[in-house]
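>>> what's the 3D shape of this:
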Amino acid sequence: MNDFRDELYSRYSTTFQQQICKLNDKSIHYVENKYKVQYLPLLKKYDKKIKILELGCGRGILLKFLADNGFKNVFGIDISEEQINIARQQNLKVKQDDVFGFLNSNNEKYDLIFAIDIIEHFSKDELIHLVKGIYNSLDDNGAFIFHTPNGLGFNSNRIIYGDLTHLTILTPNSATQILKLAGFDHIEYFETEPYAKNLNGAIRLILWKLIKFGLNIIRLVETLGSEKILTQNFIGVAKKSRA
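Residues are numbered from 1 along each chain as shown. This is a model prediction of the structure:
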């Protein structure tokens, strides 16, 4: 990768995350609470000693969250030196590297590979090579877990067009095309709907269910069909069967 993204990534933390996304201690705590709901249930069956790789780890929010929840064998890479330095200050095991260079040269096999808000930053050609590289870096029965904007999402445009480095926006159907091409054979998708942590969250969840019902009425009238995943982002889990 050698294009306009290089300059943007070189100061991604100070010019985007802190200024535009308003990333601070409060927002990081909010993200960690979402991780408890979105990812911990997916990890229940795994031993705490499994090898986990995060691509595009940024400043290490997910890595630290996993370590704090008992998963100590975690490692991350990111192209941004600025963000890697922040992660190192938290004593996280990270490396500054390009994902393609890392996956092509790496001989390690991982039980889980995470890609949180990263695959949308690649072109379609790059994505095909990326997902194949992820598949080859997984151990038998390993899984690829990703979070990305949803092209079908009701309110997804603010995410899709909110970052100049976003190049390819997927839906569950188009994600399946790429995942199947790479060899993944068991794929699931999940909404990132509000969670009922408290009364406010419960009310938001109920309202989201009502909004989703209304949106699917519109789709039913137009196409005689409905959509299961309508949140602005979605989570995918793709598993690699034993060869």
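>>> Indicate each strand paired with the lengthiest strand in the chain and its parallel or antiparallel sense.
In the chain, assigned by DSSP state E, the strand with the most residues is strand 138-149. Paired strands of strand 138-149, with direction, are strand 110-116 (parallel), strand 233-239 (antiparallel) (DSSP bridges).
>>> Tell me which residues of the lengthiest helix in the chain come out buried.
Of all the segments assigned as helix in the chain under DSSP state H, the longest by residue count is helix 199-223. Of the residues in helix 199-223, 204, 208, 212 count as buried by neighbour count, 16 or more other C-beta atoms under 10 Å. In short, each C-beta sits where N, CA and C put it, glycine included.
>>> Pipe these into JSON lines and attach pLDDT and distance to Arg88 per row.
Conversion of these to JSON lines gives the following (pLDDT from 0 to 100; distance: C-beta to C-beta, whole Å):
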{"residue": "Arg204", "pLDDT": "93", "distance to Arg88": "36"}
{"residue": "Trp208", "pLDDT": "94", "distance to Arg88": "38"}
{"residue": "Lys212", "pLDDT": "94", "distance to Arg88": "41"}
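>>> Next SSE downstream of the worst-scoring helix or strand of the chain on mean pLDDT?
Within the chain, no helix or strand scores below helix 12, which has a mean of 67 by mean pLDDT, DSSP states H and E. Going down the chain from helix 12, the next helix or strand is helix 25-38, by DSSP states H and E.
>>> tell me how far that following helix is from the chain's mean position?
Relative to its chain's centre, helix 25-38 lies at 14 Å (C-alpha atoms, centre = their mean, to the nearest Å).
>>> Who are the packing partners of the helix or strand following that helix?
Following helix 25-38 in sequence order, the next helix or strand is strand 52-55 (DSSP H and E). Under the contact definition 3 or more C-beta pairs under 8 Å, 6 or more residues apart in numbering; DSSP states H and E, strand 52-55 sits against helix 61-68, strand 74-78, strand 110-116.
>>> partners of strand 52-55, with directions?
When pairs are called by DSSP bridges, strand 52-55 turns out to pair with strand 74-78 (parallel), strand 110-116 (parallel).
>>> Just the buried residues of it, please?
By neighbour count with 16+ other C-beta under 10 Å, strand 52-55 contains the buried residues 52-55.
>>> again with stretch 170-180
Across stretch 170-180, burial judged by 16+ other C-beta under 10 Å covers 170-172, 175-176, 178-179.
>>> Of those residues, which is the nearest to Glu193?
Pro172 (14.8 Å; C-beta to C-beta).
>>> so where's the protein uncertain?
The model of the chain has pLDDT under 70 over residues 1-2, 10-23, 242-243.
>>> re earlier: now the buried residues of helix 199-223 in TSV, please, with extra columns for distance to Asn157.
Shown next, in TSV, are these (distance: C-beta to C-beta, whole Å):
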residue	distance to Asn157
Arg204	20
Trp208	17
Lys212	17
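>>> circling back to that earlier point, tell me which of the buried residues of stretch 170-180 is nearest to Ser105?
Ile178 (22.3 Å).
>>> List the contacts of Thr176.
Contacts for Thr176 (C-beta atoms under 8 Å, 6 or more residues apart in numbering) come out as Ile187.
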